[in-house]
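Novice: attaching a predicted model along with its sequence, questions to come.
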Amino acid sequence: MWKLAPGETGKELRAVFVETLQEMMKENKKVVALEADLGGASGFTKILKTNPEQFIQMGIAEANMVGVAAGMSMRGYIPFIHTFAPFTTRRALDQVFLEGAYAKNTINIYGSDPGVCVAANGGTHNTFEDIAIMRAIPEALVVAPADEVQLAWTIRECAKLTGVHYIRANRKGNPTMYEAGSTFEFGKGNVLCEGSDVLLVSMGEMLSIAYKAAKKLSAEGISVEVIDMFTLKPFDAELIRKEAAGKKLVVTFENHSVIGGLGSSVAEVLAEAGAGVPLKRIGAKDVFGQVGSYGYLCKEFGLTEENIIETVKDGLK
């Protein structure tokens with residue numbers, strides 16, 4: 001069970017990832033961490049100090065890291081690997097697909113700083129396509145935790161499962177959304193607040209922005225329901241069908257391309273159901289990333305409260 005507890009920016013998610021792994025490593029010596037020369041950026045080098053026998057520095061060799069993780073999986077280990085989102089998806093895709101998913105090995109992937117979260121690292125590191133890539137891999141689990149509570153739960157749950165698991169998460173802190181100790185269910189969305197006019201679906205680092213926009217719209221007399229669709233695959237189609245029924249408008253809001261991500265997932269469900277509800281997708285519009293601060297990039301790609309509010313009002317017209 002989960003309980004909503006919106007707040008200010010919490011602990012850095014990279015610190016949560018490392019601390020959760022360290023706790024798990026004490027409990028299970030089969031849990032191992034592999035890093036592709038970004039240990040300083042991720043904090044994974046702290047594991048080298050506390051659990052040196054459960055950490056491997058692979059260097060700038062992401063495809064090789066995936067292959068090693070697959071081999072360790074075959075020997076009964078539970079590997080967690082990290083690098084920036086474009087390197088775990090675009091660069092190492094063949095290995096993730098064949099040595100991971102196709103070979104039925106278990107690889108837990110932390111793809112950090114997706115989309116605008118990468119900020120000044122620029123267009124080469126912007127990842128607006130990783131969900132589209134990973135959800136196309138058969139049997140893969142694709143998750144976008146919203147805050148430290150959801151992330152820590154996701155890490156522990158992934159360690160209990162087999163297969164390829166893609167955890168898409170910021171390195172820095174996100175505003176808190178859930179109360180400590182909350183539990184979730186993969187493949188099930190969470191209705192954060194109910195509404196009768198508009199269904200607003202979001203996930204990950206964008207969820208808090210969507211929630212705040214919904215509250216402002218509700219204060220203006222527009223009733224907005226918000227869903228946290230933190231699992232992109234398997235996708236909770238039943239919840240979308242149910243909650244879209246009777247609404248005047250459905251809006252998706254994501255730090256990803258509108259092609260192949262959350263917006264596409266919702267569109268597929270509505271189309272197959274013949275729901276007949278108008279849909280507006282807010283996200284990157286078939287463009288490459290840019291260099292800039294997080295705030296600048298959010299404005300550049302329309303990932304703001306103001307754009308949600310404007311999109312909803314225009315859509316209702």
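Specialist: Everything's here; your move. Numbers count the residues shown, from 1 in each chain.

Novice: okay, strands next: where are they in the protein?
Specialist: 31-35, 55-57, 78-84, 107-112, 141-143, 164-169, 190-193, 198-202, 224-228, 231-233, 249-257, 279-284 (DSSP state E).

Novice: would you check how far apart the nearest residue to residue 155 once chain neighbours are set aside and residue 44 are?
Specialist: Counting by CB to CB, 6 or more residues apart in numbering, residue 20 is the residue found nearest to residue 155 once chain neighbours are left out, at 4.7 Å. (C-beta placed from N, C-alpha, C; glycine too.) From residue 20 over to residue 44 the distance is 12 Å, taken as CB to CB, to the nearest Å.

Novice: neighbour-wise, which of those two wins?
Specialist: Taking neighbours as other CB atoms under 10 Å, residue 20 and residue 44 compare with residue 44 leading, 25 against 19.

Novice: ok, now which ones touch residue 133?
Specialist: Listed by CB atoms under 8 Å, 6 or more residues apart in numbering, the contact set of residue 133 reads 89-90, 93, 260.

Novice: Serialize those to TSV and add fields for pLDDT, neighbour count and distance to residue 250.
Specialist: Listed next are the contacts of residue 133 as TSV, based on pLDDT from 0 to 100; neighbours: other CB atoms under 10 Å; distance: CB to CB, whole Å:
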residue	pLDDT	neighbour count	distance to residue 250
89	96	25	27
90	95	13	30
93	97	17	31
260	97	18	18
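
Novice: from the residues you listed, which is closest to residue 176?
Specialist: The shortest gap between residue 176 and any of the contacts of residue 133 belongs to residue 89, at 27.1 Å (CB to CB).

Novice: that closest one contacts residue 112, doesn't it?
Specialist: No: if you go by CB atoms under 8 Å, residue 89 and residue 112 don't touch, sitting 11.5 Å apart.

Novice: quick one: average pLDDT of stretch 275-293?
Specialist: The pLDDT scores in stretch 275-293 average 94.

Novice: so, low pLDDT: which residues of this structure?
Specialist: Applying pLDDT under 70 to the chain flags no residue at all.

Novice: residue ranges of the helices in it, please?
Specialist: 13-27, 39-42, 45-50, 62-74, 85-86, 93-95, 130-135, 148-158, 207-219, 237-244, 262-273, 294-300, 305-316 (DSSP state H).

Novice: return the most buried member of the ones you listed.
Specialist: helix 85-86 (a mean of 26; mean count of other CB atoms under 10 Å).

Novice: off-centre distance for that one?
Specialist: Relative to its chain's centre, helix 85-86 lies at 12 Å (CA atoms, centre = their mean, to the nearest Å).

Novice: next: stretch 151-167.
Specialist: With CA atoms, centre = their mean, you get 12 Å for stretch 151-167.

Novice: then stretch 207-217?
Specialist: The answer for stretch 207-217 is 18 Å, by CA atoms, centre = their mean.

Novice: show residues contacting that stretch.
Specialist: 6, 146-147, 174-175, 177, 192-193, 195, 198, 200, 202, 224-226, 228, 230, 253, 303-305, 308-309, 312.

Novice: which among those residues end up buried?
Specialist: Taking 16 or more other CB atoms under 10 Å as the criterion, what is buried in the contacts of stretch 207-217 is 6, 146-147, 174-175, 177, 192, 195, 198, 200, 202, 224-226, 228, 230, 253, 303-305, 308-309, 312.

Novice: quick check, residue 148 in contact with residue 13.
Specialist: Yes: Residue 148 lies in contact with residue 13 (CB under 8 Å); the separation is 6.2 Å.

Novice: identify the contacts common to these two.
Specialist: Common neighbours of residue 148 and residue 13 (criterion: CB under 8 Å, 6+ apart): 173-174.

Novice: tally of neighbours for the residue nearest to residue 204 when sequence neighbours are not counted?
Specialist: Among residues not flanking residue 204 along the chain, residue 144 sits closest, at 3.6 Å (CB to CB, 6+ apart). Neighbours of residue 144 under the rule other CB under 10 Å: 32.

Novice: just residue 187 next, same as before
Specialist: Neighbourhood size, residue 187 [other CB under 10 Å]: 17.

Novice: with residue 285 instead?
Specialist: 12.

Novice: for it, which non-adjacent residue is spatially closest?
Specialist: Leaving out its chain neighbours, the residue that sits closest to residue 285 by CB to CB, 6+ apart is residue 258, at 6.2 Å.
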